[in-house]
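In: Sharing a model prediction with you, sequence too.
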Amino acid sequence: MDEKKRRLVTNTKPPSESAEESTTAAEPTTAAESASATATKPMTTWSIVWRLGATAMALVILTCGQFLNTNDFFPLGSLTQYATAKDLNGTVNATCIEAQFPGEDEPRRLGFNTDTVGIERGDIESQLDRVIANPELLQTMADSFERLHPDEPKPEQMILCRTVTQLENGRSVGEPEHKILATWEVQ
């Protein structure tokens, strides 16, 4: 049983059956000889240094993410979305993207993901103030949509919007409110 525990701790494989047969046919080996034959080498100084360096770098990034209150270093950012409970009688905001296409009366809601507009919703939400202040940034999403969907018509206008859902006891009440945050005439 001690040999099995030692193998688990040192992560060594058991000796092959052919090796066991040859040792039984020849002289029997002592426990000290078999332990020295399968002993593992201690870590080198370089191995220790790079492991400590990687750990220190991760801790520095985690600390910077906490103090800067940013998710740019995900998964080592602040992760504030998990830090507080939501108000059961509050609102839920969901950012959305719409496009006005030629010949259509109403804007069409697009999927907010890399397959549709080339960027994830969370990436826009983390920079929402910047995008609202500079709506020309929506041009990039229009260009991405055109590149990713060559068979679709080119959008005439990109609309950054938000749906606001009112909660009552944690359940949605009524129809969500639709707010337009920014628009951009596609060039």
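Out: Received it, and whenever you're ready, just let me know what you need. Numbers count the residues shown, from 1 in each chain.
In: All the helices of this structure, residue numbers only.
Out: Along the chain, counting by DSSP state H, helices occupy 2-10, 17-25, 31-37, 45-68, 121-125, 128-133, 138-148.
In: low-scoring stretches of the protein, by residue?
Out: 1, 5-38, 71-74, 76-84 (pLDDT under 70).
In: could you point out the longest strand in it?
Out: Using DSSP state E, we find that the single longest strand of the chain is strand 171-185.
In: For that one, C-alpha coordinates in PDB please.
Out: Backbone C-alpha positions of strand 171-185 (Å, rounded to 0.1, in the frame of the first residue of the first chain) are rendered in PDB as follows:
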ATOM      1  CA  ARG A 171     -40.900  39.200 -12.100                       C
ATOM      2  CA  SER A 172     -41.300  41.400 -15.100                       C
ATOM      3  CA  VAL A 173     -44.400  43.600 -15.100                       C
ATOM      4  CA  GLY A 174     -45.800  45.100 -18.300                       C
ATOM      5  CA  GLU A 175     -44.100  45.700 -21.600                       C
ATOM      6  CA  PRO A 176     -40.400  46.600 -21.700                       C
ATOM      7  CA  GLU A 177     -39.700  50.300 -22.400                       C
ATOM      8  CA  HIS A 178     -37.600  50.900 -25.500                       C
ATOM      9  CA  LYS A 179     -35.100  53.800 -25.300                       C
ATOM     10  CA  ILE A 180     -32.800  55.000 -28.200                       C
ATOM     11  CA  LEU A 181     -29.300  55.800 -26.900                       C
ATOM     12  CA  ALA A 182     -27.500  56.700 -30.100                       C
ATOM     13  CA  THR A 183     -28.000  56.600 -33.900                       C
ATOM     14  CA  TRP A 184     -25.600  56.700 -36.700                       C
ATOM     15  CA  GLU A 185     -26.200  57.200 -40.500                       C
END
